[in-house]
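**Q** My questions are about this predicted structure, shown below with the sequence.
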Amino acid sequence: MNKKVTTLTEEMGVAEKIYWIEAIKGLWITNRHFMANMAYHIGVMFGIKSKGEHASATYQYPEVKRPIDIRWRGRHRLTVKQNGAMRCTACMLCETVCPCDCIHITPGESPDPHVEKFPERFDIDILRCCYCGLCAEACPVDAIRMDVNDFDVTGFTRDIIFTKEFLLGTDKKRPWEEFRFEEQPEKKQITDAAEKP
Ligand code: SF4
Ligand code: SF4
């Protein structure tokens, strides 16, 4: 089937063809915003304006964080039932569907006689994750969600694994803030060797 393709062309006016008129217009817009913002911040400094008013769309990150949409997919978390037990039944659907191969689950026998399995280990290698959200979509029991409004998921190590405890919120330590050599002896050996002159 041949589809008709319409090409839209917009002719430039005389003022646009004379480049510097448009350049001056652009500079005027930039300066107008700059002056408005500066007047606002000076007003706040002298108590004339309140901080709630925003002169510009710029957020003073990290002090002021941008409001996040309710549908935003961010950092993962594992949910629990009302009795505090994990919802996850180690069905492996999320691990199977993950296109980046970053979820690693070790299933174990659940202590609850009504539940067959639970994850003894549940690790997400977050540096491989592309935040596609497929794991949260695939979970049949709503055990994994991506609704933690956490921007700070970067660090100085390239070995960021979200453990089950961290995903459940029982381990408050951020994995990237403390690099634990004692848990990774092979990494320590490599680093020691590299530090030798
Ligand atoms: S968001 Fe996508 S890439 Fe990340 S863990 Fe889930 S399925 Fe894998
Ligand atoms: S988080 Fe959901 S999909 Fe993944 S193993 Fe647990 S129950 Fe299955």
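**A** That came through, no problem. Ligands and ions are numbered 1, 2, ... in the order given.

**Q** What ranges in this protein fall below the confidence cut-off?
**A** For the chain, the stretches flagged by pLDDT under 70 are 1, 51-57, 154-158, 176-197.

**Q** at 50 what do you get?
**A** 190-191, 194-197 (pLDDT under 50).

**Q** Which residues of it lie near ligand 1?
**A** 98-100, 102-103, 124, 129-135 (C-beta under 6 Å from any ligand atom). From N, CA and C alone the C-beta is placed, and that goes for glycine too.

**Q** what residues does the lengthiest strand in the chain touch?
**A** The longest strand of the chain (DSSP state E) is strand 117-125. Applying C-beta atoms under 8 Å, 6 or more residues apart in numbering, the external contacts of strand 117-125 come out as 76, 78, 85-86, 88-91, 102-112, 160-164, 167.

**Q** who does that strand pair up with?
**A** Partners of strand 117-125 in the sheet, by DSSP bridges, are strand 103-109 (antiparallel), strand 161-162 (antiparallel).

**Q** Now the element after it, going C-ward?
**A** Sequence order places helix 134-138 as the next helix or strand after strand 117-125, per DSSP states H and E.

**Q** Which strands or helices does that following helix pack on?
**A** Judged by 3 or more C-beta pairs under 8 Å, 6 or more residues apart in numbering; DSSP states H and E, helix 134-138 is in contact with helix 93-97, strand 144-148.

**Q** can you pull the contacts of the residue nearest the centre of the chain?
**A** In the chain, the residue lying closest to the centroid (C-alpha atoms, centre = their mean) is Gly74, at 4.3 Å. By C-beta under 8 Å, 6+ apart, Gly74 lies in contact with Ile68, Tyr131, Met146, Asp147, Val148, Asn149, Asp150, Phe151.

**Q** Counting residues, which helix of this structure comes out longest?
**A** Of all segments of type helix in the chain, defined using DSSP state H, the longest is helix 19-45.

**Q** Please state the offset of that one from the chain centre?
**A** 32 Å (C-alpha atoms, centre = their mean, to the nearest Å).

**Q** List the buried residues in that helix.
**A** Tyr40 (16 or more other C-beta atoms under 10 Å).

**Q** go on, stretch 132-143?
**A** Neighbour count says stretch 132-143 has Leu134, Cys135, Ala136, Cys139, Ala143 buried, by 16+ other C-beta under 10 Å.

**Q** Kindly report the same for stretch 141-153.
**A** Buried residues in stretch 141-153 (16+ other C-beta under 10 Å): Ala143, Ile144, Arg145, Met146, Asp147, Val153.

**Q** What of stretch 85-93?
**A** Here stretch 85-93 shows Met86, Arg87, Cys88, Thr89, Ala90, Cys91, Leu93 as buried, counting by 16+ other C-beta under 10 Å.
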